[in-house]
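> predicted model and sequence below, questions to follow.
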Amino acid sequence: MAQWISGRVAGKTQWNDTHFSLAIEADAPAFTAGQFIRVGMDLDDERVGRPYSLINPPHEPLLEIFFNVVPEGPLTTRLSALEPGDELFLTDAANGLLTIDQVPAHVIEKAIKKAEGG
């Protein structure tokens, strides 16, 4: 099971009233494009975490997540209120199989042809 590590908000972008991205500085786990990490905060004596896809390239030093605020949700409204320097937590390992090496070659070829107009 993954362990929690501490991170700090390095940047925040508010795209509109309900959509945000956070850049996170941490001793981040190595990951492959298409994977996700769990991001969490301590709320009422309990660590609440949810999975978020990493939207930055793996070689960049900061991790970045994109999310929309779920008004009834326990975490996203609080994440959207964070500012640079604020602490949050993330798992020490990335997960997920939505990576290019998991997609069959014929599917990739078909997607490339379609993108090229074919």
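On my side now, so go ahead.

> the strand ranked longest in the chain - contacts with which helices or strands?
Counting by DSSP state E, the longest strand found in the chain is strand 4-14. Where contact means 3 or more Cβ pairs under 8 Å, 6 or more residues apart in numbering; DSSP states H and E, strand 4-14 is packed against strand 19-26, strand 87-91. Using the backbone N, CA and C atoms, a C-beta is placed for each residue, glycine as well.

> which residues sit against it?
By Cβ atoms under 8 Å, 6 or more residues apart in numbering, the residues outside strand 4-14 that reach it are 20-28, 40, 47, 49, 62-63, 80, 82-92.

> give me the angle between it and strand 87-91.
Interaxial angle of strand 4-14 relative to strand 87-91 (axes from the mean of the first three to the mean of the last three Cα atoms, to 10 degrees): 120 degrees.

> buried set for strand 4-14?
Judged by neighbour count using 16 or more other Cβ atoms under 10 Å, the buried positions of strand 4-14 are Trp4, Gly7, Val9, Ala10, Lys12.
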